[in-house]
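Student: need a structure here:
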Amino acid sequence: MNPPTTHSAPRILVVDDHRKIREPLAVYLRKHGFDVRTAESAEGMWQLLEAQPFDGVVLDVMLPDGDGFELCSRLHRRNGVPVILLTARDTASDRVRGLDLGADDYLTKPFEPRELVARINSVLRRRGPLGSVPATAEPSVQSVQRHYQFAGLAFASGSGSLSDSNGQATRLSTAEGRLLQVFLDHPNQVLDRSRLIDLTARPDSDVFDRTIDRQVSRLRRKLTDSAGCDDLLRTVWGGGYMLVAEVTRS
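Tutor: From the prediction side, this is the model:
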């Protein structure tokens, strides 16, 4: 994984094969305080990611040499960099699929560039120290980092990093990190789907029961892999989900 970015302006990679979208968008983002690089293909994206660290990737779903959903999944696994998907398809199934694969946000074309700026700022605030938010962004209480220890694991809310007793880190997506923090703030309590939606969803997002189910499933797999225990995050039939662990916070 690339080391954290140390520059003052958040570095954003815009990946879109349409020059008339890619270049004007880059100009607009630069005017709003971002350090922007662009790529017209998946190949170009990987070359730039290998050469330098980025605070976020704005990724078009339809590229000539790669499916954006699969690329999002690979970015999530390999780099842990926040991803905002751009797509011309506005269906619930596409939104759910993107979130399932690790996307931090989702924007449908055509869109207002200022909305993308707001989405990027929101993602960077949630990711905390991985990127610097432009001066025009409003501060957020979500950027305050909390540290949790449970079942031999350690979780820092701002970094989205889950570590085992040997220091081996597992990167969580922004959605997974929000979900884990909710469970850690409510240990040994049954939380139904509607409660989880209330505690994790952003005000401008559409979250469905199936989305929560899939996010819980992904989080459960990562907890099982990290802790070596498959009973940390339980399904309570007819009730919801419960994290079974003693939790300490700092």
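Student: going forward, measure contacts between C-alpha atoms and count neighbours the same way
Tutor: Fine.
Student: how is the protein carved up into domains?
Tutor: As recorded under automatic domain parsing, the domains making up the chain are 11-130, 144-249.
Student: Model confidence for the residue in the chain sticking out farthest from the centre, exactly?
Tutor: Going by C-alpha atoms, centre = their mean, the residue of the chain most distant from its centre is Gly238, 28.9 Å out. Per-residue confidence (pLDDT) for Gly238: 79.
Student: Make 735 the starting number, not 1.
Tutor: Fine by me, first position is 735 from now on; the one you just mentioned is Gly972.
Student: how about His810, secondary structure?
Tutor: helix (DSSP: H, G, I helix; E, B strand; the rest coil).
Student: per-residue confidence for the nearest residue to Asp769 once chain neighbours are set aside?
Tutor: Leaving out its chain neighbours, the residue that sits closest to Asp769 by C-alpha to C-alpha, 6 or more residues apart in numbering is Arg745, at 4.5 Å. pLDDT, Arg745: 92.
Student: these two touch, right, Arg745 and Leu783?
Tutor: No: counting by C-alpha atoms under 8 Å, Arg745 does not reach Leu783; the two are 11.1 Å apart.
Student: So between these two, which is more surrounded?
Tutor: Neighbour count, other C-alpha atoms under 10 Å: between Arg745 and Leu783, Arg745 has more, with 23 against 17.
Student: got a list of what the more buried one touches?
Tutor: Arg745 makes contact with 739, 768-771, 787-790, 865, according to C-alpha atoms under 8 Å, 6 or more residues apart in numbering.
Student: Among those residues, which ones are in strands?
Tutor: 769-771, 790 (DSSP state E).
Student: And the helix or strand containing Asp932, what's buried?
Tutor: In this structure, Asp932 sits in helix 927-934 according to DSSP states H and E. Residues of helix 927-934 classed as buried by neighbour count (16 or more other C-alpha atoms under 10 Å): 927, 930-931, 934.
Student: returning to that earlier point: which one in the contacts of Arg745 is the model shakiest on?
Tutor: At the low end of pLDDT for these is Gly865, which has 39.
Student: rewinding a little: return the distance of the residue farthest from the centre of the chain relative to Ile755.
Tutor: Per C-alpha to C-alpha, to the nearest Å, Gly972 is found 47 Å from Ile755.
Student: Tally up the residues packed near Glu784, please.
Tutor: By other C-alpha under 10 Å, the residues close to Glu784 number 12.
Student: So it: helix, strand or coil?
Tutor: With three-state DSSP as the basis, the three-state label of Glu784 is helix.
Student: Could you list every helix and strand in contact with the longest helix along the chain?
Tutor: In the chain, ranked by residue count with DSSP state H as the criterion, the top helix is helix 943-961. Packing partners of helix 943-961 (3 or more C-alpha pairs under 8 Å, 6 or more residues apart in numbering; DSSP states H and E): helix 826-834, helix 908-919, helix 927-934.
Student: ranking the ones you listed by mean pLDDT, which is last?
Tutor: What stands lowest among the helices and strands packed on helix 943-961, in mean pLDDT terms, is helix 826-834, with a mean of 63.
Student: Tell me the helix or strand right after that helix.
Tutor: The C-terminal neighbour of helix 826-834 among helices and strands, as given by DSSP H and E, is strand 839-842.
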